[in-house]
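Undergrad: Return a 3D structure for these sequence lines:
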Amino acid sequence: MKIKKISHCCLVIELGGKTILTDPGSFSNAQDSLTGIDAVVITHEHGDHFHAESVRAIVKNNPEAMVIANAAVGKLLDGLGVAHTVVDGRGKAAIGEVAIEAFDCRHEEIFEEIGQVSNTAYLMSAGGRSFFIPGDAYCDPGAAAKVDVLALPVASPWCRLRDALRYAIKVGPHAAFPIHDAVLRQDTSGFLYQLAERVLKERGITFTALHDGGGMEF
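TA: Prediction:
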């Protein structure tokens with residue numbers, strides 16, 4: 001199994017003789033020009049995981065690629081005219097020798113009901129090796145689902161490192177690597193601060209992002 005990280009949660013996984021792209025989101029456009037993709041797997045509809053223009057470009061460059069997503073994302077793909085296969089709940093699909101199994105899990109709380117969309121984690125297995133991407137959830141596939149490699153969310157409005165570490169220990173993979181970490185970069189942290197500004201403004205509190213090297217008078 002080989003895994004290349006494009007950005008955030010956008011990954012290229014080589015497994016079982018197939019090349020699978022996950023969560024082509026808005027924090028990168030490098031995925032738009034990729035070729036040789038056999039499948040695209042999308043965990044949920046948030047823009048950092050599903051970017052319409054990227055999906056259009058990827059499908060154009062890889063017309064034979066199978067697109068897999070849950071029903072909520074499927075509705076958006078219908079609007080784009082993109083053929084797809086809905087795999088959610090505890091559904092299963094296959095791409096050649098690669099078995100793909102869905103695990104619906106509630107999106108972790110961002111703040112109250114903000115951003116509570118359908119989230120589906122996916123387990124990909126072939127040749128006795130498995131890879132698990134949870135989307136925006138601490139989704140535990142259970143003891144029966146052996147996870148060799150875990151894509152571990154480490155930073156987000158909904159994610160604390162201590163919770164991420166406990167989640168990884170619970171799943172018990174042989175290896176893990178960080179995803180969902182664009183918020184750690186100053187150039188892509190805007191969505192975090194926009195959320196803080198929105199929530200606090202509703203409660204009469206002014207919030208202004210102050211980046212390294214910047215200053216303001218209070």
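Undergrad: Name the nearest residue to Gly127, sequence neighbours excluded.
TA: Nearest residue to Gly127 in three dimensions, chain neighbours excluded: Gly16, at 5.6 Å (CB to CB, 6 or more residues apart in numbering). In short, each C-beta sits where N, CA and C put it, glycine included.
Undergrad: so what pLDDT did the one you found get?
TA: If you check Gly16, the pLDDT there is 97.
Undergrad: can you map out the helices along this structure?
TA: For the chain, the helices defined by DSSP state H cover 52-61, 71-80, 161-171, 190-201.
Undergrad: now these in JSON lines, with mean neighbour count?
TA: Shown next, in JSON lines, are those (neighbours: other CB atoms under 10 Å):
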{"stretch": "helix 52-61", "mean neighbour count": "17"}
{"stretch": "helix 71-80", "mean neighbour count": "16"}
{"stretch": "helix 161-171", "mean neighbour count": "14"}
{"stretch": "helix 190-201", "mean neighbour count": "14"}
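Undergrad: about what we covered before: give me every residue that touches the residue nearest to Gly127.
TA: Shown in contact with Gly16 (CB atoms under 8 Å, 6 or more residues apart in numbering): Gly96, Glu97, Val98, Ala126, Gly127, Arg129.
Undergrad: repeat for His84
TA: Val67, Ile68, Ala69, Val73, Gly74, Leu77.
Undergrad: Ok, Lys4 next?
TA: Each residue near Lys4 by CB under 8 Å, 6+ apart is listed here: Leu11, Val12.
Undergrad: so Gly91 touches Ala102, yeah?
TA: Yes. Gly91 is within contact range of Ala102, at 4.7 Å (criterion: CB atoms under 8 Å).
Undergrad: Looking at those two, which is more packed in?
TA: Ala102 (23 against 17; other CB atoms under 10 Å).
Undergrad: doesn't Lys92 make contact with the more buried one?
TA: Yes. Judged on CB under 8 Å, Ala102 makes contact with Lys92 at a distance of 7.2 Å.
Undergrad: got the contacts of His84 as a markdown table, with distance to Gly204 and pLDDT columns?
TA: Converted to a markdown table, the contacts of His84 look like this (distance: CB to CB, whole Å; pLDDT from 0 to 100):
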| residue | distance to Gly204 | pLDDT |
| --- | --- | --- |
| Val67 | 44 | 98 |
| Ile68 | 44 | 98 |
| Ala69 | 40 | 98 |
| Val73 | 36 | 98 |
| Gly74 | 40 | 98 |
| Leu77 | 40 | 98 |
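Undergrad: Using CSV, please lay out the residues you listed together with distance to Gly47.
TA: Output for these, formatted as CSV (distance: CB to CB, whole Å):
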residue, distance to Gly47
Val67, 17
Ile68, 19
Ala69, 14
Val73, 12
Gly74, 17
Leu77, 15
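Undergrad: Nearest to His49 among these?
TA: Set against His49, the nearest of the contacts of His84 by CB to CB is Val73 (8.8 Å).
Undergrad: what residues are up against that closest one?
TA: For Val73, the contact set (CB under 8 Å, 6+ apart) comprises Ile42, His44, Glu45, Phe50, His84, Ser118.
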